[in-house]
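sequence and predicted model, in that order:
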Amino acid sequence: MPYFDAASTAPLHPVARQALLAALDEGWADPARLHRSARQARMLLDAARETVAEALGARADEIAFTASGTQALQLGVLGALRGHRRRGAHLVHSAVEHSAVLHAAERWEADGGAATSVPVDRHGRVGAAEFAAAVRPDTALAVLQSANHEVGTLQPVTETAALLGDVPLLVDAAQSAGRLPVPAGWSVLAASAHKWGGPAGVGVLAVRKGVRFSSALPADDREGGRVPGFPNVPAIVAAAASLRAVRAGAEAENARLRELVDLVRHRVPQLVPAVEVVGHPELRLPHLVTFSCLYVDGEVLLTELDRAGFAVSSGSSCTSSTLTPSHVLAAMGVLTEGNLRVSLPAGTTRAEVDAFLDVLPRVVAEVRAPLGLDLPAPGPAAAAEPAAGSEPEPELVLDTLGKRCPIPVIELAKRIGEVAPGGRVAVLSDDEAARHDIPAWCEMCGHTYAGEAPATEYGGARGTAYLVRRA
């Protein structure tokens, strides 16, 4: 089965496998002890730390190993905030950060701190000046990812860092470490070994010398006091060995994978009607592409592609398990339904990508077939909305209360033809995804999104009325 989900976790690199097996024999002892076996484990751990430090542009004594990239992010955020609490209790982060950052921010706010989320453009990229403008005199920490996990967009880390003055910047480099050079300007950095082909269970937390840091966890004498617990020396050795190997071949492999991703970005809109490719077209990771298909449940699409022999992922969280849209896609203002993230591991072939492009249109068509939709071609951008108060009452009210993504958009697409051009439709919904998907649908199909109002104004018992004017 072609595996196209490297952004979730990359296949174990052959070098990592070899190093792991060797280190299981040589590095199993406690590196904090003084006997021979312990000294051997300590030598392996120190060598791995130096290798990772060199790859990330850090000093060896700035590197600590964690149990995951998520743990590295959360310890990094809370530790840097606590270390700079004399400056204040304000945190700044982009709206598309990894959920680990957002949950850490929620924890910080619950404990009395403050946080500001900086919006992104339709490509998922922050403006460096806009990000820096969110900094206040009491800002203790800024957080900005190097590349987005869902859509691959690169962030202006170096440009932003130059505008932050003495405010420390934490960079989430999980998706880019090993593939791209680490951007300059970071004070704290987090990465994850299984993203570059190392074993799962190894994260990296780097804290620059001179950056104040106070762990949010009880004190421990391991990993510089930043991460408690016994280090997994064999896995750390394998992570370091694979990072060195991946970096050595990154330039050639990035160029090869970028060509394959460009093919997907170009061909999918030609092969599948009513689809939107998201993320920045140029400033992006070389191995990742994300697109959204109208009128398709992302979870159903993943299942059908899996049956067809392709392992992909969905950046959208609009599934039966969560009932909430992807915070990244929502922040970008793009379609959150029917989302697919294709991320190619090293060694992916053109034949595998061609096979995927051959299967995808059939699978999407089969998922859509029961809906009986006459799919509209994407149209031009909607016209400017008339002044408030000038709109007539809706000619059609669609009650989709209690129905989840993507049903509200499907019902709208089915029935908008019942009103004349220029006529209005009110879609009543209590699904959060509708707030993002209905405007995105309007932009894709050339209709005008006319805003929202309480559903009670249109006979609904709860929820929101989303107003659409037919092109």
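Perfect, thanks for sending it. Residues are numbered from 1 along each chain as shown.

now do the contacts for the closest residue to Arg85 other than its chain neighbours.
Computed as Cβ to Cβ, 6 or more residues apart in numbering, the closest residue to Arg85 that is not its neighbour in sequence is Ala140, at 6.4 Å. In this view, the C-beta of every residue, glycine as well, is placed from N, C-alpha and C. Taking Cβ atoms under 8 Å, 6 or more residues apart in numbering, we find Ala140 in contact with 80-81, 84-85, 87-91, 167-168.

by neighbour count, which of these wins?
Leu81 (30 neighbours; other Cβ atoms under 10 Å).

contacts only, for that residue.
Per Cβ under 8 Å, 6+ apart, neighbours of Leu81: 89, 91, 108, 113, 140-141.

tell me which element the residue nearest to Arg85 is part of?
Per DSSP states H and E, Ala140 falls inside strand 139-143.

now the element after that strand, going C-ward?
helix 157-163.

which elements pack onto that following helix?
Secondary-structure packing of helix 157-163 (3 or more Cβ pairs under 8 Å, 6 or more residues apart in numbering; DSSP states H and E): helix 128-133, strand 169-172.

who touches the first one?
Contacts of helix 128-133 from elsewhere in the structure, counted by Cβ under 8 Å, 6+ apart, are 92, 94, 118-119, 142, 144, 156, 159-160, 162-164.

same question for stretch 361-372.
Here stretch 361-372 has contacts from 271-272, 275, 293, 295-297, 300-301, 304-305, 308, 375, 410, 414, using Cβ under 8 Å, 6+ apart.

dump it to PDB, restricted to CA.
Extracted in PDB, the C-alpha atoms of stretch 361-372 (Å, rounded to 0.1, in the frame of the first residue of the first chain):
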ATOM      1  CA  PRO A 361     -11.600  10.900  -9.100                       C
ATOM      2  CA  ARG A 362     -13.400   7.600  -9.000                       C
ATOM      3  CA  VAL A 363     -13.400   7.400  -5.200                       C
ATOM      4  CA  VAL A 364     -14.700  11.000  -4.800                       C
ATOM      5  CA  ALA A 365     -17.400  10.400  -7.500                       C
ATOM      6  CA  GLU A 366     -18.500   7.300  -5.700                       C
ATOM      7  CA  VAL A 367     -18.800   9.100  -2.400                       C
ATOM      8  CA  ARG A 368     -20.700  11.900  -4.000                       C
ATOM      9  CA  ALA A 369     -23.000   9.700  -6.200                       C
ATOM     10  CA  PRO A 370     -25.800   9.100  -3.700                       C
ATOM     11  CA  LEU A 371     -26.300  12.900  -3.300                       C
ATOM     12  CA  GLY A 372     -27.500  13.300  -6.900                       C
END
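
in this structure, which ranges drop under the pLDDT threshold?
315-324, 374-392 (pLDDT under 70).

okay, now the domains of it?
Segmentation of the chain into domains, based on automatic domain parsing, reads 14-248, 251-371, 396-469.

so which of the ones you listed is nearest Met1?
domain 251-371 (5.0 Å; Cβ to Cβ).

show me the strands in this protein, by range?
63-66, 90-94, 114-118, 139-143, 169-172, 188-192, 203-207, 275-278, 288-293, 339-343, 396-399, 424-429, 448-454, 464-469 (DSSP state E).

okay, these in CSV with distance to Leu217 next?
Listed next are these as CSV, based on distance: least, Cβ to Cβ, whole Å:
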stretch, distance to Leu217
strand 63-66, 11
strand 90-94, 18
strand 114-118, 21
strand 139-143, 17
strand 169-172, 17
strand 188-192, 16
strand 203-207, 12
strand 275-278, 37
strand 288-293, 33
strand 339-343, 32
strand 396-399, 50
strand 424-429, 42
strand 448-454, 43
strand 464-469, 42
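
for Pro234, find the nearest of these.
strand 63-66 (12.0 Å).

residues in contact with the closest one: which ones?
By Cβ under 8 Å, 6+ apart, strand 63-66 touches 49, 52-53, 56, 72, 75, 202-207, 223-224, 226-227, 231-232, 236.

which stretches in the protein count as helices?
14-26, 36-56, 69-83, 99-110, 128-133, 157-163, 233-248, 250-271, 298-307, 327-332, 350-368, 407-415, 434-445 (DSSP state H).

using PDB, write out every CA atom in the longest one.
Think helix 250-271. Below are the C-alpha coordinates for helix 250-271, written out as PDB (Å, rounded to 0.1, in the frame of the first residue of the first chain):
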ATOM      1  CA  ALA A 250      17.600  16.400   1.900                       C
ATOM      2  CA  GLU A 251      18.400  18.700  -1.000                       C
ATOM      3  CA  ALA A 252      18.100  16.100  -3.700                       C
ATOM      4  CA  GLU A 253      15.100  14.400  -2.100                       C
ATOM      5  CA  ASN A 254      13.300  17.700  -1.500                       C
ATOM      6  CA  ALA A 255      13.600  18.600  -5.200                       C
ATOM      7  CA  ARG A 256      12.300  15.200  -6.300                       C
ATOM      8  CA  LEU A 257       9.300  15.300  -3.900                       C
ATOM      9  CA  ARG A 258       8.500  18.900  -4.800                       C
ATOM     10  CA  GLU A 259       8.000  17.800  -8.400                       C
ATOM     11  CA  LEU A 260       5.600  15.100  -7.400                       C
ATOM     12  CA  VAL A 261       3.700  17.400  -5.100                       C
ATOM     13  CA  ASP A 262       3.500  20.000  -7.900                       C
ATOM     14  CA  LEU A 263       2.000  17.300 -10.100                       C
ATOM     15  CA  VAL A 264      -0.700  16.600  -7.400                       C
ATOM     16  CA  ARG A 265      -1.400  20.300  -6.900                       C
ATOM     17  CA  HIS A 266      -1.800  20.800 -10.700                       C
ATOM     18  CA  ARG A 267      -3.800  17.600 -11.600                       C
ATOM     19  CA  VAL A 268      -6.300  17.300  -8.700                       C
ATOM     20  CA  PRO A 269      -8.300  20.400  -9.700                       C
ATOM     21  CA  GLN A 270      -8.400  19.100 -13.300                       C
ATOM     22  CA  LEU A 271      -9.500  15.600 -12.300                       C
END
